[in-house]
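Peer 1: here is my input; please provide its structure:
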Amino acid sequence: MDALVAFGAALLTFRLSGLLAGRYRSSGRPELLAWAAGLGAYAVAAAAIAWGEAAGWDDRAFRVYYAAGALLTAPLLGAGSLLLAGRRRAAPVALVYAGLAIGIAVAVPLHGAFATHGIPAAQDHLALLPARLLAIVANVTGTLAVVVVALCSLRRLPLGNGLILAGIAAAATSSALAGLGATTCSAIGIGVGAVLLYAGFVVPEHIRAGFRPKIAPN
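Peer 2: Down below sits the predicted model:
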């Protein structure tokens, strides 16, 4: 059951990522590409959960899950919000960071035995440096970027930004549940978070197209 729920969340989130990528191709708006990449990473994390629950967790499934879910999702979403706010330097920084994060996830040593079921706790298999500390910093930074940009434009775009904030809350809840090993609830949280974020990104598009949050330039 856990594997099926996670697989469903992965399919849903991949679909939403693809829709955002399609909107990027038609509009050329860079924030849509970054958001699509963020939801794509979220989908990969859900797929890794399905893999681990169906075939038993091992170092391969855990590395994919940690790279996509812990290291990439929030920073890429945050980069999209910064691009929306006119911070064009966010794009190259996000590209460099993504390469670094993937390299660390692939190369970092793992320790401890994996249980057959239940999302593995990072502290049971990873040292604090560099992977866990990087995940903490990246998630805090990415989440703050999304939240600050959303709050700056909340009064002018209450529906879209309210959905984005709700999506971030759902994602945070999903992450907390993953730490507790609640696999099904975590997977459901991924799906709910992805839907809310997608809706927030695209529902007010006819308004957002001509709007940029009032954040001081570089």
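Peer 1: how close does the residue nearest to Ile168 when sequence neighbours are not counted get to Leu165?
Peer 2: Leaving aside its sequence neighbours, Ile168 sits nearest to Val146 (C-beta to C-beta, 6 or more residues apart in numbering; 5.7 Å). Where C-beta positions appear, they are placed from N, C-alpha and C, glycine not excepted. Noted for Val146: a distance of 8 Å to Leu165, by C-beta to C-beta, to the nearest Å.
Peer 1: of those two, which one has the most company?
Peer 2: Val146 (27 against 18; other C-beta atoms under 10 Å).
Peer 1: quick check: what element follows the helix or strand where the more buried one lies along the chain?
Peer 2: Secondary-structure element containing Val146, defined by DSSP states H and E: helix 133-152. The helix or strand immediately downstream of helix 133-152 is helix 158-179, counting by DSSP H and E.
Peer 1: now for that next one, which elements pack on it?
Peer 2: Here helix 158-179 touches helix 133-152, helix 183-202, going by 3 or more C-beta pairs under 8 Å, 6 or more residues apart in numbering; DSSP states H and E.
Peer 1: now those helices as a markdown table including mean pLDDT and distance to Leu4?
Peer 2: Formatted as a markdown table, these follow (pLDDT from 0 to 100; distance: least, C-beta to C-beta, whole Å):
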| stretch | mean pLDDT | distance to Leu4 |
| --- | --- | --- |
| helix 133-152 | 97 | 27 |
| helix 183-202 | 94 | 9 |
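Peer 1: and among the ones you listed, the most buried is which?
Peer 2: helix 183-202 (a mean of 23; mean count of other C-beta atoms under 10 Å).
Peer 1: starting at the chain centroid, how far to it?
Peer 2: Here the centre of helix 183-202 is set off from its chain's centre by 10 Å, with C-alpha atoms, centre = their mean, to the nearest Å.
Peer 1: make CSV from the helices and strands packed on helix 158-179 and add distance to Pro120 to it.
Peer 2: Formatted as CSV, the helices and strands packed on helix 158-179 follow (distance: least, C-beta to C-beta, whole Å):
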stretch, distance to Pro120
helix 133-152, 14
helix 183-202, 11
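Peer 1: per-residue pLDDT, the residue nearest the centre of the chain?
Peer 2: When C-alpha atoms, centre = their mean is applied to the chain, the residue found nearest the centroid is Thr73 (2.4 Å). At Thr73, the pLDDT value in this model is 98.
Peer 1: verify the contact between it and Ala37 for me.
Peer 2: No: look at Thr73 against Ala37 with C-beta atoms under 8 Å: they stay out of range, at 9.2 Å.
Peer 1: Gly99 - how many residues pack around it?
Peer 2: For Gly99, the neighbour count with other C-beta under 10 Å is 10.
Peer 1: okay, it: pLDDT?
Peer 2: On the pLDDT scale, Gly99 gets 97.
Peer 1: again with Leu177
Peer 2: Taking Leu177 on its own, its pLDDT is 80.
Peer 1: for it, give me its contacts.
Peer 2: By C-beta atoms under 8 Å, 6 or more residues apart in numbering, the contact list for Leu177 reads Cys185, Ser186, Gly189.
Peer 1: re earlier: relative orientation of the helix holding Val146 and helix 158-179 in degrees?
Peer 2: 160 degrees (axes from the mean of the first three to the mean of the last three C-alpha atoms, to 10 degrees).
Peer 1: can I get helix 133-152 in PDB, CA atoms only?
Peer 2: This file holds the C-alpha atoms of helix 133-152, laid out as PDB (Å, rounded to 0.1, in the frame of the first residue of the first chain):
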ATOM      1  CA  LEU A 133      24.200  20.300   6.900                       C
ATOM      2  CA  LEU A 134      23.900  21.100   3.300                       C
ATOM      3  CA  ALA A 135      20.300  19.900   3.300                       C
ATOM      4  CA  ILE A 136      19.400  22.000   6.300                       C
ATOM      5  CA  VAL A 137      20.900  25.200   4.900                       C
ATOM      6  CA  ALA A 138      19.400  24.600   1.400                       C
ATOM      7  CA  ASN A 139      16.000  23.800   2.700                       C
ATOM      8  CA  VAL A 140      15.800  26.800   5.000                       C
ATOM      9  CA  THR A 141      17.100  29.100   2.300                       C
ATOM     10  CA  GLY A 142      14.800  27.700  -0.500                       C
ATOM     11  CA  THR A 143      11.800  27.700   1.800                       C
ATOM     12  CA  LEU A 144      12.500  31.300   3.000                       C
ATOM     13  CA  ALA A 145      12.800  32.500  -0.600                       C
ATOM     14  CA  VAL A 146       9.400  31.000  -1.500                       C
ATOM     15  CA  VAL A 147       7.700  32.300   1.600                       C
ATOM     16  CA  VAL A 148       9.200  35.800   1.500                       C
ATOM     17  CA  VAL A 149       8.300  36.400  -2.200                       C
ATOM     18  CA  ALA A 150       4.800  35.000  -1.600                       C
ATOM     19  CA  LEU A 151       4.300  37.300   1.500                       C
ATOM     20  CA  CYS A 152       5.600  40.300  -0.400                       C
END
